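>>> Generate coordinates for the sequence data below:
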Amino acid sequence: MSGIVVSDLEYAPPGADSLFFDISFGVAPGDHAAIVGANGVGKSTILRILSGELSPDEGEFAVDGLVLTMTQDVGMSRPDDTLREMLLEVAPPELRTAGKTLVAAERAMTAGEDDGMAYAEALTVWGDLGGYDLEVAWASAAERSVKSKVDDVNTRKVGELSGGERKRLVLDLLLNAGADILLLDEPDNYLDIPTRVWLEEQITACPSTILMVSHDRSLLERVATKIVVLEGSGCWVHGGSYATFGEAREQRQARLGDALKRWNDEERRLHKHMKIMKARAAQNFKNATKANAAETRWEKFVKAGPPPPPVRDQNIHVKLRGADSARRVLDLRDVAIDDLFFAFTDEVHFGERVGLIGPNGTGKSHLLRALAGEISPSEGTIGLGPRTSVGTFTQINDRPDFLGREAVEIARERVADDEKAMKSLARYGLNAHARQEFDTLSGGQKARLEVLCLELEGHNVLLLDEPTDNLDIESSEALEQALDGFEGTVVAVSHDRTFLQNLDRFVMITDDGEVFELPDYDIAMQALADPHAVGAIRLAKRLTA
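Residues are numbered from 1 along each chain as shown. I've put the predicted structure just below:
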């Protein structure tokens, strides 16, 4: 097993200013470290550099042994690929190359473009490198991770699995691969809460050195043994759990402020002493030597420069205003969607914060889309109360109306002029990206822009599908604080346990299609851990007939 050493790393995207510089940190063998920082500071880029996908402009790094990497969008961009093609993306480099060669040769032979010789040769190389053992590992991971039986990874399409199943399959494979180093980018995205608990247990038990990027505060508190913080001109390391990170950062900020104050005080003292000695030398040449020495001492001190100042916080200001509406905001009568869940009846009242929870694939996002009027229920009716204005947040920031348009143009469409648009972008930390097109923004920046649009549009009913998935931690906390003061109603699908703690009640859809109302967070977590838990079900209200 080996660790990770990074020294003075610097990187600038092509044609752009430096994304980060002066990045130095180490991860000891067996440590499970997490990189945290604001959206767009380069967390994923560091993983891409360590994996060999990108080359740094300056600096050095060392990652010895077998390194396996998982990108945050693994399995999401090409649903027509087979599971074999998806799993090859996270295979060891030699096997990945051999596997892709084998797939190409197989297709050429099937299309009659090759007599089979290239396929036979590729099959031999695949077997010699351990490809058949890898196929056994694939089958075992698929059996543990995919609800429906996977007969053949060579033919089963990626799109036939939910996003959570794809992610769990890849994670199961990687965490049991025996790699020296694992680089995991947003491993928790698309996972439901029971699977996030499974992930925490798997990471804790994994002997590999792990460096991950995650915004899941609950997961970070449970599994991270070290926090690498990207902020300011470089990075710093908190050698403990995320549970103590907030306190450690406050103490560091205080130390930086004290050190800068001491430097400024000392600079003023030396400068004053030099001026006094200069005045004395002007009156008596015998003091000239002392005056020159005082000037040299002051110049050397200034040249060495001050210590770094405390890092400025992002200061994300979300101002969700809302407005009054009728008491009954949503009226669901015998609602069912396809065969996802049984028909159920419920009402959502003004001011409620309702969480839609349950395992992946049970229909939560479909229900949210039906509440938004984007699709119609298969059975029953959904009614909106008087004076309701509904705004939606999409899980994957799927906004075709934003494509090809600059952030400032999108904001200006919802306010009076350019100045107000720029001020609103600044409150969300997006003013530096005002002229960037939506397509080129990071996932977190897209999410912040979408929340900003909800704010500017002034809705009083918010339907949020995984609102914190791509937000950095500070932005998630700003959103939670804004929702706390929001005059209106919130219905949210989320697997973020920290976010869910702020909601009032929960509607859980089980794998069996039953729908329950759960009165508080603790009962909801108990029910998710074991849907048949007697204590939780006793306190639940069955909404299905």
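
>>> Quick check: the gap between residue 41 and residue 402.
23 Å (Cβ to Cβ, to the nearest Å). Where you see a C-beta, it was placed from the backbone N, CA and C, and this is true even at glycine.

>>> Same check on residue 225?
Residue 225 is 39 Å from residue 402, where distance means Cβ to Cβ.

>>> For the stretch 351-500 of the chain, just list every one of the strands.
For the stretch 351-500 of the chain, the strands defined by DSSP state E, counting those that start in this stretch cover 353-357, 379-384, 390-393, 461-465, 489-493.

>>> In TSV, list the ones you listed along with mean pLDDT and distance to residue 426.
Below are those laid out as TSV (pLDDT from 0 to 100; distance: least, Cβ to Cβ, whole Å):
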stretch	mean pLDDT	distance to residue 426
strand 353-357	95	28
strand 379-384	94	34
strand 390-393	89	21
strand 461-465	92	23
strand 489-493	93	25
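
>>> Select the longest helix from this protein.
helix 245-283 (DSSP state H).

>>> thinking again about what came up before, nearest to residue 283, out of the strands of the stretch 351-500 of the chain?
Smallest distance to residue 283 across these (Cβ to Cβ): 73.6 Å, for strand 390-393.

>>> and that closest one, how far from the chain's centre?
Taking Cα atoms, centre = their mean, to the nearest Å, one finds strand 390-393 lying 21 Å from the centre of the chain it belongs to.

>>> again with stretch 125-137
Averaging C-alpha positions (Cα atoms, centre = their mean) puts stretch 125-137 33 Å from its chain's average.

>>> how many other residues sit next to residue 49?
21 (other Cβ atoms under 10 Å).

>>> residue contacts, it?
9, 11, 55-56, 61 (Cβ atoms under 8 Å, 6 or more residues apart in numbering).

>>> Same check on residue 256?
307-311 are the contacts of residue 256 under Cβ under 8 Å, 6+ apart.

>>> Toward the C-terminus, what is the element adjacent to the helix or strand harbouring residue 86?
For residue 86, the host element (DSSP states H and E) is helix 83-88. Going down the chain from helix 83-88, the next helix or strand is helix 93-110, by DSSP H and E.

>>> For residue 502, grab phi and psi.
Per-residue torsions, residue 502: phi -90, psi 0 (degrees, to the nearest 10).

>>> and the gap between it and residue 464?
Residue 502 is 12 Å from residue 464, by Cβ to Cβ.

>>> Mind checking which of these two has more residues around it?
Between residue 502 and residue 464, counted using other Cβ under 10 Å, the more crowded position is residue 464 (25 against 17).

>>> how close does the more buried one get to residue 219?
20 Å.

>>> go on, residue 291?
61 Å.

>>> now residue 201
From residue 201 across to residue 219, the span is 11 Å (Cβ to Cβ).

>>> How about residue 501?
The spacing between residue 501 and residue 219, counted by Cβ to Cβ, is 14 Å.

>>> of these two, who's got more company?
Neighbour totals were compared for residue 501 and residue 219, and residue 219 leads with 24 against 15 (other Cβ under 10 Å).

>>> Identify the residues contacting the residue lying closest to residue 343 once chain neighbours are set aside.
Of all residues not flanking residue 343 in the chain, residue 336 sits nearest, at 4.1 Å (Cβ to Cβ, 6 or more residues apart in numbering). Taking Cβ under 8 Å, 6+ apart, we find residue 336 in contact with 342-344, 377-380.

>>> Any chance of the contacts of residue 256 in JSON lines with secondary structure as columns?
Listed next are the contacts of residue 256 as JSON lines, based on DSSP: H, G, I helix; E, B strand; the rest coil:
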{"residue": "307", "secondary structure": "coil"}
{"residue": "308", "secondary structure": "coil"}
{"residue": "309", "secondary structure": "coil"}
{"residue": "310", "secondary structure": "coil"}
{"residue": "311", "secondary structure": "coil"}
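
>>> Quick check: which ranges of this protein have low pLDDT?
Along the chain, segments meeting pLDDT under 70 span 1, 233, 258, 312-317, 322-324, 395-398, 531-539, 545.

>>> what residue of it is the furthest out?
Going by Cα atoms, centre = their mean, the residue of the chain most distant from its centre is residue 284, 68.1 Å out.

>>> Next one: that one from residue 345, what distance?
98 Å.

>>> With residue 362 instead?
18 Å.

>>> on that earlier part again, who has more neighbours out of residue 225 and residue 402?
Legend: neighbour count by other Cβ under 10 Å for residue 225 and residue 402, higher for residue 402 (20 against 17).

>>> Skipping its backbone neighbours, what lies nearest that one in space?
The nearest residue in space to residue 402 (Cβ to Cβ, 6+ apart) is residue 438, at 4.0 Å.

>>> What distance do you get for residue 408 to residue 427?
Using Cβ to Cβ, residue 408 is found at 13 Å from residue 427.

>>> just residue 260 next, same as before
27 Å.
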